[in-house]
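> predicted coordinates and the sequence they were generated for:
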Amino acid sequence: MKRLPPPAPIGLLPWLRSRLFDGPASSLATVLILLAAAWLLPGALRWAVSGAVWSADAEACRQAAGACWGMVAEKYRPILFGRYPYEAQWRPLCATALLLAAIVFSLLAPALTRRKPGLRLWPWLGAAWVLAPAGFLLLMGGGAFGLAAVPTELWGGLPLTLLLATAGIATAFPLALLVALGRSGPLPAVRALCAVYVETVRSIPLVPALFLASFLIPLLVPPRLSADVLLRVQVAITLFAAAYLAEAIRGALASVPDGQRQAAAALGLGWWGTQRHILLPQALRAAAPSIANSFVNLFKDTSLVVVVGLYELTGSLELALSGDPQWRSYHLEGYLFIGALYWLGCYALSRASRHLEPRGR
Amino acid sequence: MSAARTGRAAWLLQIALFAALAAGAWWLAGTAAEEMRARGIRSGFDFFAQPAGFWISEGVFEFDPAESYLKAFAAGLANTLRVALPAIAAALLLGTLVGIGRLARNPLLRGLCTAYVETLRNIPLLLQLFTWYYLLTAMLPPAAEAIELLPHVFLGSGGLALPWVADGGLSLPQRGGFAITGGAHLSPEYLALFIGLTGYTAAYIAESVRGGLQSVSAGQRQAAAALGLTPRQTLRLVTLPQALPMLVPPLANQSLNLLKNSSLAVAIGYPELVSIANTTLNQTGRAVECIAVVLAVYLLLCAVGIAIAHALESRLRHWERA
């Protein structure tokens, strides 16, 4: 007996029926989602768009039924730059732009080289990552070329978030590489040491680690080295992120087939040569998604420095709104605004990493 | 001979490394102790027996300020578990549903689940907690006008009141002029933390569940379809049982992340372990001791969690084979 396959749905309505009303459960889900949308969306749109106030007018905001986006128009400078001296805020603006340019260039680099295989971007990337951080620190800190010195306690907002994240990535990655190699290497004592470090750090939350860093490091470092709070927090974030990164890299190293190792040994490569030329290139490529994930987590974790008194994006929002009775009641708009900024950052990071992932075997 | 020499060199290298580390640790500890003496910071764990002198606003058991710091830490640990354990259960349930929903044929359902995951994973948890706390305190009516969600379940800016067993009977919350009396009461801090932790972790769990389900080979699904199983039967009888043992490690990992993330409560004022330790170290100045206790407790909790996960995984693998 020969049976024909069921006819494929042709046309909009049959297609909709096959997708949206395919059995009772699917139909129920469709109806529930549509009902919820009909119930919630008009109110949400009224609040966010048609009933919202867009100008920095506190009186209009008080009378409006919707959101007060005017708060962002009024407060964007203290939100984005924290307590940095108001008249000098062109400096964090330029510093942020500089660092963002270097970051965007690096994120786009894999896509560019993929499109034009002959392109040699390494020298340019290297130059960007020497110049951008130097320019960033010079603009933010001042004290040279006629720029007034601004202590790190006053740094805040978006530049602080970006600084903690990029410096965290730049310092955690080499450390993680060493720890991952040590943990999969031939020296048992080093292996044990790296394992203890990774497993301990991965078992504790970041918040008490930040507390520890901000209390313990001033005791350890002589006051003339004056470990300011920014540096302490950076140390904690780096050590913390490195443990997670090391675990991601170690997993990928272990997943490289053993034949690769044997082939390298047959070619006469030593341990370092095998790691550098054979294992790491394959492992890092395979680990790209989880490395990107760790970077995204590090970027989000920078928000926690608010618990030790640094005002990055989240902290500077509180600072900008809580003390001002005129705008205090528009926290929700502020949370949505910086939430959108964080979302963009994380999304850009994870999108860029997709160009590094191995594609089809 | 060369192998023996490199072996000896490696051992010497490792011994030198350990000696350097020990010397460094010794020097750091010495410097820290000296510095603490110079600044008049006392050290030791003797303060644990002293009366704490602060109130704990909510908890599993009553806490009196006359009781010791040690008891306060215990109350903090109980509060950590009070929020983390229910949140882990809720996150596992929600995350599994969303993860299955991300593979649904229905594009509306799939889109909703994808939007949920992509939004919540890409916004810092701290910001989500602040947002929930703000919504629950500033956007809700005061107790006298609390919303009655269900009969005798009230939600207001003071938190959630719901019927609870008390004195052998059911205690029902009643709306008074200023406050809600009777029943059980959950503070807005607790609710914000519970909702925030659940929602955030569920997004990660959903991704793990989706990955686990997709890793079951397509042949299994096709074979199930050939046997005439419906999609739901396929999920329940074929895909999920094979994916479950593989899912235990990532889900255990996410559950422990939730436990660790409950320490963000310090930012919204829920009195769990880290908040209590923070209050204590501000009162006593014994920073290193307080943080050491917190770290030790988390190390222990994570070790227990990992042991449970291992046991569960091997049980599931046996069950699968049986």
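That came in fine, so what should we check first?
> going forward, measure contacts between C-alpha atoms and count neighbours the same way
Will do.
> tally up the residues packed near residue 228, please.
You didn't pick a chain, so chain A it is. By the criterion of other Cα atoms under 10 Å in any protein chain shown, residue A:228 has 15 neighbours.
> sorry, should have said chain B
11.
> with residue A:171 instead?
Other residues close to residue A:171 by other Cα under 10 Å number 17.
> A helix includes it, no?
Yes. Applying DSSP: H, G, I helix; E, B strand; the rest coil, one finds residue A:171 inside a helix.
> give me the distance between it and chain B.
According to Cα to the nearest Cα, to the nearest Å, residue A:171 stands 20 Å off from chain B.
> need the contact list for that residue.
residue A:238 (Cα atoms under 8 Å, 6 or more residues apart in numbering or on different chains).
> test my guess that residue B:96 contacts residue B:204.
No. In this structure residue B:96 lies outside contact range of residue B:204 using Cα atoms under 8 Å: 10.0 Å.
> not counting its neighbours along the chain, what's nearest residue B:249?
residue B:309 (6.7 Å; Cα to Cα, 6 or more residues apart in numbering or on different chains).
> separation between the one you found and residue A:168?
31 Å (Cα to Cα, to the nearest Å).
> settle it for me: which of those two has more neighbours?
residue A:168 (25 against 18).
> so that one is in contact with residue A:232, correct?
No. Look at residue A:168 against residue A:232 with Cα under 8 Å: they stay out of range, at 12.0 Å.
> the strand or helix carrying residue A:140 - contacts with which helices or strands?
Using DSSP states H and E, residue A:140 sits in helix A:122-141. On a contact count with 3 or more Cα pairs under 8 Å, 6 or more residues apart in numbering or on different chains; DSSP states H and E, helix A:122-141 meets helix A:90-115.
> between the helix it packs on and helix A:122-141, how many degrees?
170 degrees (axes from the mean of the first three to the mean of the last three Cα atoms, to 10 degrees).
> could you pull out the buried residues of helix A:90-115?
A:91-96, A:98-99, A:102-103, A:105-107, A:109-112 (16 or more other Cα atoms under 10 Å in any protein chain shown).
> chain center to it, what's the gap?
14 Å (Cα atoms, centre = their mean, to the nearest Å).
> buried stuff in the helix or strand hosting the residue nearest to residue B:249?
Using DSSP H and E, residue B:309 sits within helix B:287-321. Buried residues in helix B:287-321, counted by 16+ other Cα under 10 Å: B:287-291, B:293-295, B:297-299, B:301-302, B:305-306, B:309, B:312-313, B:316.
> what's near enough to touch residue 95?
Answering for chain A, as no chain was given. A:135-137, A:139-140, A:159.
> wrong one, I was asking about chain B
If you count contacts by Cα under 8 Å, 6+ apart, residue B:95 has them with B:201-206, B:209.
> restricted to buried residues, select the residues you listed in ChimeraX.
Command for ChimeraX that selects the buried part of those, burial taken from 16+ other Cα under 10 Å:
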select /B:201,202,203,204,205,206,209
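> now, among the contacts of residue B:95, which is nearest to chain A?
residue B:204 (11.3 Å; Cα to the nearest Cα).
> distance-wise, check that closest one relative to residue B:168.
Counting by Cα to Cα, the gap from residue B:204 to residue B:168 is 41 Å.
> in the stretch 151-300 of chain B, what residue comes closest to chain A?
Closest point on the stretch 151-300 of chain B to chain A, by Cα to the nearest Cα, is residue B:260, at 4.8 Å.
> SS state for that residue?
Per three-state DSSP, residue B:260 ends up helix.
> distance from the host helix or strand of residue B:201 to the middle of the chain?
Assigned by DSSP H and E, residue B:201 falls within helix B:188-215. Offset of helix B:188-215 from its chain centre (Cα atoms, centre = their mean): 10 Å.
> in stretch B:134-147, what counts as buried?
Buried residues in stretch B:134-147, counted by 16+ other Cα under 10 Å: B:134-138, B:140, B:142-143, B:145-147.
> now do the contacts for the nearest residue to the residue of the stretch 151-300 of chain B closest to chain A once chain neighbours are set aside.
Distance criterion Cα to Cα, 6+ apart; nearest residue to residue B:260, sequence neighbours excluded, is residue A:205 at 4.8 Å. Listed by Cα under 8 Å, 6+ apart, the contact partners of residue A:205 are B:260-261, B:263, B:298.
> now those residues in CSV, with pLDDT?
Below are the contacts of residue A:205 laid out as CSV (pLDDT from 0 to 100):
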residue, pLDDT
B:260, 93
B:261, 94
B:263, 93
B:298, 93
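> which one (most neighbours) among those residues?
residue B:263 (23 neighbours).
> quick check: nearest residue in space to that residue, chain neighbours excluded?
In space, residue B:263 is closest to residue B:274, 5.7 Å off (Cα to Cα, 6+ apart).
> kindly report the same for residue B:161.
residue B:185 (4.5 Å).
> repeat that for residue B:43.
Using Cα to Cα, 6+ apart, the nearest residue to residue B:43 is residue B:286, at 6.3 Å.
> show me the shaky parts of the stretch 1-150 of chain B.
B:1-6 (pLDDT under 70).
> surely residue B:201 is in contact with residue B:258?
Yes. Contact criterion Cα under 8 Å: residue B:201 and residue B:258 qualify, at 6.4 Å.
> now the residue nearest to the spatial centre of chain A: how far from residue B:235?
Nearest residue to the geometric centre of chain A (Cα atoms, centre = their mean): residue A:299, 2.9 Å. Plainly put, residue A:299 is 36 Å away from residue B:235 if you go by Cα to Cα.
> how about the residues of the stretch 251-361 of chain A by chain B?
A:296, A:300-301, A:303-304, A:307, A:314, A:331-332, A:335, A:339, A:342-343, A:346-347 (Cα under 8 Å from any Cα of the partner chain).
> of these, which belong to strands?
Residues of those located in strands (DSSP state E): none.
> top of those by number of neighbours, please.
Ranked by neighbour count (other Cα under 10 Å), these have residue A:314 at the top, with 30 neighbours.
> list the contacts of the closest residue in space to residue B:59 that isn't next to it in sequence.
Take residue B:59 and drop its neighbours on the chain: the residue closest to it by Cα to Cα, 6+ apart is residue B:79, 5.7 Å away. Residue B:79 is in contact with B:59-60, B:271-273, counting by Cα under 8 Å, 6+ apart.
> in CSV, list these along with neighbour count and distance to residue A:248.
Output for those, formatted as CSV (neighbours: other Cα atoms under 10 Å in any protein chain shown; distance: Cα to Cα, whole Å):
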residue, neighbour count, distance to residue A:248
B:59, 19, 38
B:60, 12, 38
B:271, 29, 34
B:272, 29, 30
B:273, 26, 29
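> separation between residue B:48 and residue B:294?
13 Å.
> picking up where we left off before, neighbours of the residue nearest to residue B:43, how many?
Count around residue B:286 with other Cα under 10 Å applied: 19.
> ok and the strand or helix carrying residue B:70 relative to helix B:188-215, angle-wise?
For residue B:70, the host element (DSSP H and E) is helix B:69-101. Calculated by the same axes, to 10 degrees, helix B:69-101 forms an angle of 40 degrees with helix B:188-215.
> beyond helix B:69-101, next helix or strand please.
helix B:107-121.
> run the chain-centre distance for that following helix.
Worked out by Cα atoms, centre = their mean, helix B:107-121 lies 23 Å from the chain centre.
> packing partners for it?
helix A:12-20, helix A:24-45, helix B:69-101, helix B:188-215.
> just the C-alpha atoms of stretch B:79-99, please, in PDB.
Taking Å, rounded to 0.1, in the frame of the first residue of the first chain, the C-alpha atoms of stretch B:79-99 are listed here in PDB:
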ATOM      1  CA  ASN B  79      17.600  33.600  55.500                       C
ATOM      2  CA  THR B  80      20.000  32.800  52.600                       C
ATOM      3  CA  LEU B  81      18.500  29.300  52.300                       C
ATOM      4  CA  ARG B  82      15.000  30.700  52.900                       C
ATOM      5  CA  VAL B  83      15.200  32.700  49.700                       C
ATOM      6  CA  ALA B  84      17.600  30.500  47.700                       C
ATOM      7  CA  LEU B  85      15.900  27.100  48.000                       C
ATOM      8  CA  PRO B  86      12.400  28.200  46.900                       C
ATOM      9  CA  ALA B  87      14.000  30.400  44.200                       C
ATOM     10  CA  ILE B  88      16.000  27.400  42.900                       C
ATOM     11  CA  ALA B  89      12.900  25.300  42.700                       C
ATOM     12  CA  ALA B  90      10.900  28.000  40.900                       C
ATOM     13  CA  ALA B  91      13.800  28.800  38.500                       C
ATOM     14  CA  LEU B  92      14.200  25.100  37.600                       C
ATOM     15  CA  LEU B  93      10.500  24.900  36.800                       C
ATOM     16  CA  LEU B  94      10.200  28.200  34.900                       C
ATOM     17  CA  GLY B  95      13.500  27.600  33.100                       C
ATOM     18  CA  THR B  96      12.500  24.100  31.900                       C
ATOM     19  CA  LEU B  97       9.200  25.400  30.600                       C
ATOM     20  CA  VAL B  98      10.900  28.300  28.800                       C
ATOM     21  CA  GLY B  99      13.600  26.000  27.400                       C
END
